[in-house]
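K.L.:
For reference, the sequence and a predicted model appear below.
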Amino acid sequence: MTSMGGNIDLRVNQGRGPYIFRLNGQNHHRIGSLLPVVGDKPRFAQLYIHDTGNEIANRLSALNKNESHCDLDPAVVQILLKMLDENNALVKTFHMARDRFKESDMHSVRLQLISSRSTDGREQNMPTCFEVAAIIVGDVSEESMHRDIIIENRSGLLQRINEVHPKFMAMQYPLLFPYGEDGFRNGILKRGLGGNAPLTEDFVTMQEYYAYRLQQRQNEGQTLILARRLRQQFQVDAYTCVEEYRLIWIRNNQLQLRSEVYFGLKDAVFKGDTTPSSVGKRIVLPSSFTGSPRYMIQNYQDAMAICRWAGYPDLFITFTCNPKWPKIETFLSLIPGQRPEDRPDIIARVFKIKLDQLLHDLKHGKHFGKVIAGDYEAVKQYMIHGPCGAANPRSPCMVDNKCMKHFPKKVYNDTVIDEDGYPIYRRRDDGKMVEKNGVLLDNRFVVPYNIDLLVKYQAHINVEWCNRSKSIKYLFKPDITKTKFTEWMKTNEMSNTARSLTYCDFPTKWVWHRKEKEWRPRKSGRCIGRIFHAHPTSGERFYLRMLLNVVKGAKSFKEIRTVDGVVHPNYRTACYAHGLLDGDKEWDDAIKQASNWASGRQLRELFATLLMFCEVSDPHGLWVANWELLSDDILYRQKRILMYEHIQLTDEQLQNHALFEIEQILGKSGRSLKEFDGMKYPNMSAIRENINRLLQEELDFDRVDLAAKHLSLLNGLNVDQRKIYDIVIEDVATNSGGLYFVYGHGGTGKTYLWKTLISCLRSQGKIVLAMASSGIAALLLPGGRTAHSRLQIPIIVTEESTCGIKQGTHAAELMTKVSLIIWDEAPMAHRYCFEAVDRSLRDILRFTNTNSVNKPFGGKTVVLGGDFRQILPVVAKGQREDIVDASINRSYLWKFCKVFTLTQNMRLKQCNEDCKDFAEWILTLGNGEVDEVDNQSNVVIPLDLLIDVGDHPIHSIVIATYPDLHNKYTDGKYLEERSILAPTNDIVNEINDYMIDLLSPDTETYFSADSICKSSSYIQNEDVLYPVEFLNSLKFPGIPNHKLRLAVGLPIMLLRNLNQSNGLCNGTRLVVSQLSKWVIEAKIITGSHVGQKVFIPRIVLSPSETKWPFVLKRRQFPVCVCFAMTINKSQGQSLKHVGLFLPKPVFSHGQLYVAVSRVTTRNGLKILITDTDSKSSSVTKNIVYKEVFGNLHAEIKQ
């Protein structure tokens, strides 16, 4: 009788799966006129009125447009028509209109389907056709228009039927409502279920009505239950009606919804708006409406709150219903002939029961610990994909002759993570096969599973590793008089324990009782707090929200604004005092605070650091505000240089001298004042634009002193070193452009050889670029720099990368003048780095030497050095073969390389036998020649090197490495010569936090200012999706944490290359000497600048790689406490005392070797190993990729 307005998706049933009814678009029911337009065939309700003598033929003709109905039986159609003619009140109504047309020639006849009821027109009190409809002759009165259906005489237009009309469903599904029964309408009274519980509502809602109709009950008709595919269509139709009804209510109650937003209690206010009229679209969908933007955002923020509290999720579990579960089969057997796809209601109910049980098991069971033996027949039955591919091209997973799930998978020996963050699981080629549908399948077709859950639930349960989070519950709903916020402050007044929590963390220990409107201590359960979002442009509300994430125990609004005893006038200035905001004012304060301790030269170095690393928005303004401090010692220095006490300099002259020195500092890092908008450039006759400062720096050495040093070093070379020295010097003299690699373990004199070569050539006025792959190793070389900074190698290198040196620049000119390039710790760098340098030098030098394009590194003499036993290049989420392939000896350049091997350990000349045995054991460990206890790379550590776990493993390793710590922790020499090493950052952070708590000094806490780089995000409303407290919770390797605790006397490590010429490299260790709000004064305790005081400001840092769809900008001091450091970070450092802490084994090539080779004596090494039960152990992993040694052959020539 009516047509469905939505679009039915027929493609979903083209496969071999169970029938699915899918509806797209907006759904509604429509009805046409009583008679078709002249020339058209009758359709829907018109079939009951027009040409009823040929009604069966007309119906078959209307349906035969769809080929799927071409096999309809006219006899069956005739029986159905007869049944409806005799019983259906609506059919009788249309026949009444037909008869009126036949009896008289009336053209203004309309049919009115009445919506109101004087009696209950449902099952027990069926309406007659006169109560259902009325025939109207002439015009329609206004009182007939309210929700009634007025069917015109003849019209080509369709009208929409209201969802609450009693005949809404009966007209669409006459076979399901054979009597034309009434469906849902407003005003159906609700009957109580008995007991004392009062009814919360008087009338039945539309959702309750349809839920009631879908249930199976005894002693009732089963027409709807047995309707199979038509039942599915009815259920989808009913669901869309319920949703439409909810949307109508929302549209009619916008005032109430917008006031909710106005008070900012349940919704994120976009763009900082606080007035209801400016929020959202014309129709605002609340967060309670599933699928609305606010629903998505609130759930996303809930998820971020959980991730911030509990960490990121570990597993992604897909639970698929099994239609053969006994409960489903038992229920379906009550009515014979039913199939699972016929009863989606039963499937959903049983699946929900199973899902609740699964969640309970995941929370309270131990299904992901030790593997539990089970029936692997379940794996064969439920967890084997396919068969698909060529064996079964009609499989549902096949699209364009390819499996959408990418089966079969590849065989891998170990589980790794790919570049996009997805796991590649271990799938061993062990020859095991299973037969499924006549096809043999192996491990490549197995879907990841947990055998314990699989056997228990007998269903497809896919368990995947993941790094994303899911939505959970949230807190902080609106309150009017006493609020959670005001009562939080009141609770802080009465409870000492409450004062140790921030407002965000308060629900973890306290429970809000809504009825009494008070907080009470939590006795059980777990809850996570989240504060509702406020946009950064919404003013003080945003800053208050930031403070509530860091302020603890506030008893009033005044205390929230109090920082270090100072009451700030507003929340914004309080946030700034906590270090939570960006802005150039911080840099101005940093210079002024440092001026209390620092000299003018140190302030100028600090200013240069701010320009290079801090994204100063107004460099000129910062200079103008502080130039007098930055030039404070200029006049005094000029008096001393010119030896004229009465010299006077104007302000312009003072500024020029200060800017000249700042330009020199920047020049050492390859930067210039010209790069910073608005900055003045020194205008002095002593500065000429055509001078290449990079060239000057490499030639600015005392040749006489270097010549004397060279003679001394030359006499100390052993035989092997001298042979290498002679070959390299001859190569440079003849400009042969050789490529050499010096291979030797620690102590064989590589650094001594580098110094000899450098002093020889520089004393002759030649240029030597001394570089290393790490900042620590670069500090050991005279005039050393990191390779990335000196050659401008990209941070992220690819197979096609080139260096950032451009033709015609000072850096390019320097490359043409270079006589020798020394690159130490070469095995640490990815081979793409060397290949990028090779391509760049060939390109730069082709203008001075046309043959350079055919020579490695453009024909320059290059000497590489290092130890392949040490840590190889880090390949993100790479496997063993990826790491080995990234090594320099896998590059196309290696075929041009001559390898020299140094074997004599120069440190052992004055050493006893025990010391030599220890050195030999380290070398054997690095070669992977220590006997393994199994085939899992496990080795036994000598007992004299081990220490016992004791009552607390961290305490034990601390006492062994830092004896008498309380009395000596401020001694720089004591800290310089010792450190605790561990394989991961998490363990290192745990040890450093323990050390800070152990010493209990007066610590200062520094919070970072975190934001999202606007140019990096391609998503809208990122400020809503990623609130500030979530950004604060993110941790990245090489990036300081949001919360940094420091104290005077603590050892710290630099996390960035700030000023290599002054010894400030990534990995430099220092001791804090003074602290202020915006700058740290520290003294260097390692490298070639030991004892030098430096000033470190907060800088802007971003991770080089991230799994998030944005780039984080974190403004924080680029340091971390370093009582302990990672093994990777220790490479290149020499220590007298090392404590190696291994609660988890090493995970990559060379880590164990690097850790134990940091010390020169056996007595200086202590190792603590724990097993899975946290007990002492003497066995640990020693991972060595022996294949990397395959093409290292000594080729020393006379």
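P.N.:
Here it is on my side, so go on.
K.L.:
measure G311 to C614 for me?
P.N.:
31 Å (Cβ to Cβ, to the nearest Å). Every residue, glycine included, has its C-beta placed from N, CA and C.
K.L.:
Looking at those two now, which is surrounded by more residues?
P.N.:
Taking neighbours as other Cβ atoms under 10 Å, G311 and C614 compare with C614 leading, 20 against 11.
K.L.:
hang on, the more buried one packs against D588?
P.N.:
No. Assessed by Cβ atoms under 8 Å, C614 is found out of contact with D588, at 11.5 Å.
K.L.:
Do a quick rundown of the helices in the stretch 1051-1198 of the chain.
P.N.:
1127-1130, 1151-1156 (DSSP state H, counting those that start in this stretch).
K.L.:
swap in the stretch 351-500 of the chain?
P.N.:
Going by DSSP H, counting those that start in this stretch, the stretch 351-500 of the chain shows helices at 377-382, 451-457, 484-494.
K.L.:
okay, now Q870: neighbour count?
P.N.:
21.
K.L.:
which one is it nearest to, not counting chain neighbours?
P.N.:
G1150 (4.8 Å; Cβ to Cβ, 6 or more residues apart in numbering).
K.L.:
I'd say the one you found and V874 touch.
P.N.:
No. Contact criterion Cβ under 8 Å: G1150 and V874 do not qualify, at 11.5 Å.
K.L.:
ok, these two, which is more surrounded?
P.N.:
Shown here are G1150 and V874; by other Cβ under 10 Å, G1150 has more neighbours (28 against 14).
K.L.:
Report the contact partners of the more buried one.
P.N.:
By Cβ atoms under 8 Å, 6 or more residues apart in numbering, the contact set of G1150 is 869-872, 926, 1183-1184.
K.L.:
Going by neighbour count, which of those residues are buried?
P.N.:
869-872, 926, 1183-1184 (16 or more other Cβ atoms under 10 Å).
K.L.:
Would you format the residues you listed as a markdown table with distance to N967 included?
P.N.:
Shown next, in a markdown table, are these (distance: Cβ to Cβ, whole Å):
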| residue | distance to N967 |
| --- | --- |
| R869 | 38 |
| Q870 | 35 |
| I871 | 35 |
| L872 | 41 |
| G926 | 37 |
| I1183 | 39 |
| V1184 | 41 |
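K.L.:
tell me which of those is nearest to V511?
P.N.:
I1183 (48.6 Å; Cβ to Cβ).
K.L.:
Give me the distance between N1191 and I888.
P.N.:
11 Å.
K.L.:
overlap in contacts of these two?
P.N.:
Common neighbours of N1191 and I888 are listed as W894 (criterion: Cβ under 8 Å, 6+ apart).
K.L.:
and those two? which has more neighbours close in?
P.N.:
Taking neighbours as other Cβ under 10 Å, N1191 and I888 compare with I888 leading, 25 against 13.
K.L.:
averaging pLDDT over each of the helices of the stretch 1051-1198 of the chain, which comes out lowest?
P.N.:
The weakest mean pLDDT among those belongs to helix 1127-1130, with a mean of 90.
K.L.:
Which other helices and strands does that helix contact?
P.N.:
Counting contacts by 3 or more Cβ pairs under 8 Å, 6 or more residues apart in numbering; DSSP states H and E, helix 1127-1130 is packed against strand 978-982, helix 1151-1156.
K.L.:
Any chance you could list what contacts it?
P.N.:
Helix 1127-1130 is touched from outside by 871, 874, 979, 981-983, 1053, 1067, 1146, 1151, 1154-1155, 1158, with contacts defined as Cβ under 8 Å, 6+ apart.
K.L.:
Kindly indicate the member of the residues you listed with the most neighbours.
P.N.:
L981 (29 neighbours).
K.L.:
And the pLDDT at it?
P.N.:
So L981 comes in at 96 (pLDDT).
K.L.:
now, which of the contacts of helix 1127-1130 sits nearest A498?
P.N.:
For the contacts of helix 1127-1130, the nearest to A498 is A982 (35.6 Å; Cβ to Cβ).
K.L.:
packing partners for the helix or strand containing D345?
P.N.:
Applying DSSP states H and E as the criterion places D345 in helix 344-364. Helix 344-364 is packed against helix 229-252, strand 315-319, helix 326-332, helix 451-457, with contacts defined by 3+ Cβ pairs under 8 Å, 6+ apart.
K.L.:
and among these, the most buried is which?
P.N.:
The highest average neighbour count among these, using mean count of other Cβ atoms under 10 Å, belongs to helix 451-457 at a mean of 19.
K.L.:
Do me a favour and average the pLDDT over that one.
P.N.:
Confidence for helix 451-457, expressed as mean pLDDT, is 83.
K.L.:
now do stretch 679-693
P.N.:
Rounded mean pLDDT across stretch 679-693 is 63.
K.L.:
likewise stretch 95-105?
P.N.:
Mean predicted confidence for stretch 95-105 is 70.
K.L.:
What of stretch 513-530?
P.N.:
The model assigns stretch 513-530 a mean pLDDT of 82.
K.L.:
again with stretch 799-806
P.N.:
The pLDDT scores in stretch 799-806 average 91.
K.L.:
swap in stretch 1090-1107?
P.N.:
Stretch 1090-1107 comes out at a mean pLDDT of 88.
K.L.:
Output stretch 793-806 as CSV, nothing but the C-alphas.
P.N.:
In CSV, the C-alpha atoms belonging to stretch 793-806 read as follows (Å, rounded to 0.1, in the frame of the first residue of the first chain):
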residue,chain,number,x,y,z
ILE,A,793,72.2,14.9,6.6
PRO,A,794,68.4,14.6,6.9
ILE,A,795,67.1,13.2,10.2
ILE,A,796,65.0,10.7,8.3
VAL,A,797,67.0,9.2,5.5
THR,A,798,65.7,7.2,2.6
GLU,A,799,67.3,5.5,-0.4
GLU,A,800,67.0,8.7,-2.4
SER,A,801,68.1,11.2,0.2
THR,A,802,70.8,13.8,-0.3
CYS,A,803,72.4,16.2,2.0
GLY,A,804,71.2,19.8,2.6
ILE,A,805,74.4,21.4,1.2
LYS,A,806,73.6,23.5,-1.9
